[in-house]
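**Q** model this:
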Amino acid sequence: MVERKGKGVAAVRADARQGRKAAPAGRRERNKQEKLARIVEAAKELFGTKGFAETTTQEIAEKADIGTGTLFLYAKSKEDLLVMVFKDEMIATSQTAFKRLPAGTSLIDQLMHVFDTMIVYHGRDLDLAKALIREITVPPENSSRQADLQMLMKVIYGGIADLVIAGQKAGKLRQDVDPLHAAESFFAIYYIGLIGWLGGLVTKRQFLMRLRPRLNLAIEGIVAH
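**A** Sure thing, here's the model as predicted:
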């Protein structure tokens, strides 16, 4: 049972790293990747300076030095571009958070460190964060957004699952708990709170005050006794 769980987490981590293990790309593929990088960078800059609502796809194409038709080969909409930018930034943000975990701390402190890092990221541009949450909460079927979000969530779920596995190895958490299921549950608690904050239902202070005790309740369900 435990071995199966470990393989599941390993698969998630491997999937998240597979892009770095790919064979060297040919010239055509390199050109595609270079264009995509220019598009994402142009969208990122324009969203940051003009705002998401005021930025047009034509402006993004012009800044990336490509035609609008070429742009739509990489992203079908401005919303897809927003998720592309978010995915890359949040993968880097999440990986940094997991690498800089305070040593010797409890699971709740580790989770709060990771989620606090994400909250700081969203707080840098609330209007952009609100637009983003609208687009990723229920993404269109068969859109590029789904693949981007799956890639991001593999990184986040894998990182949190590693924390659970460490707790299991230390004898602090139940051995019969699936680390990935626990990771999904912890993130769901955070995400519901994030939606409440960005949706104006609660203040940021209320969000942070409620997050820790809610996570603690979930952790109590998997503590080894």
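**Q** all contacts plus neighbour counts: C-alpha atoms, from now on.
**A** Noted.
**Q** hey, where'd the strands end up in this structure?
**A** Counting by DSSP state E, no segments of the chain form strands.
**Q** which stretches of it aren't confidently modelled?
**A** Along the chain, segments meeting pLDDT under 70 span 1-25, 142.
**Q** helices along that one, start to end?
**A** For the chain, applying DSSP state H gives helices covering 2-17, 27-50, 57-63, 68-74, 78-99, 107-123, 126-137, 144-169, 179-198, 204-220.
**Q** can you pull the contacts of K78?
**A** By CA atoms under 8 Å, 6 or more residues apart in numbering, K78 lies in contact with 56-57.
**Q** from G193, how far out is it?
**A** Per CA to CA, to the nearest Å, K78 is found 26 Å from G193.
**Q** what number of residues lie near the residue lying closest to I219 once chain neighbours are set aside?
**A** Distance criterion CA to CA, 6 or more residues apart in numbering; nearest residue to I219, sequence neighbours excluded, is I108 at 7.6 Å. Residues contacting I108 under the criterion other CA atoms under 10 Å number 15.
**Q** show me what contacts I108?
**A** By CA under 8 Å, 6+ apart, the residues touching I108 are 212, 215-216, 219.
**Q** among those, which ones are buried?
**A** Among the contacts of I108, those that count as buried by neighbour count (16 or more other CA atoms under 10 Å) are 212, 215, 219.
**Q** can I get those in JSON lines with distance to E45?
**A** Below are those laid out as JSON lines (distance: CA to CA, whole Å):
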{"residue": "R212", "distance to E45": "34"}
{"residue": "L215", "distance to E45": "35"}
{"residue": "I219", "distance to E45": "40"}
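**Q** nearest to K169, of these?
**A** Looking at the buried ones among the contacts of I108 and their distance to K169, the nearest is I219, at 15.7 Å (CA to CA).
**Q** E34 versus that closest one, what's the distance?
**A** Per CA to CA, I219 is found 44 Å from E34.
**Q** now Y191
**A** For Y191, the distance to E34 equals 33 Å [CA to CA].
**Q** so which of the two has more stuff around it?
**A** Between Y191 and E34, counted using other CA under 10 Å, Y191 has the larger neighbour count: 16 against 12.
**Q** ok, the more buried one - contacts?
**A** Applying CA under 8 Å, 6+ apart, no residues qualify as near Y191.
**Q** again with the one 4 residues further on
**A** Contact partners of I195, counting by CA under 8 Å, 6+ apart, are I133.
**Q** so how far is T203 from D127?
**A** Relative to T203, D127 is positioned 15 Å away (CA to CA).
**Q** the two - which one has more neighbours?
**A** Remark: of D127 and T203, D127 carries more neighbours, 16 against 13, as counted by other CA under 10 Å.
**Q** returning to what we had before: now render the contacts of I108 as TSV, adding distance to T96.
**A** Rendered in TSV, the data for these read as follows (distance: CA to CA, whole Å):
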residue	distance to T96
R212	21
L215	21
N216	23
I219	23
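**Q** now, which of those residues sits nearest Y74?
**A** For those, the nearest to Y74 is L215 (38.4 Å; CA to CA).
**Q** am I right that the closest one is in contact with F187?
**A** No - here L215 does not reach F187: they are 9.2 Å apart, not a contact under CA atoms under 8 Å.
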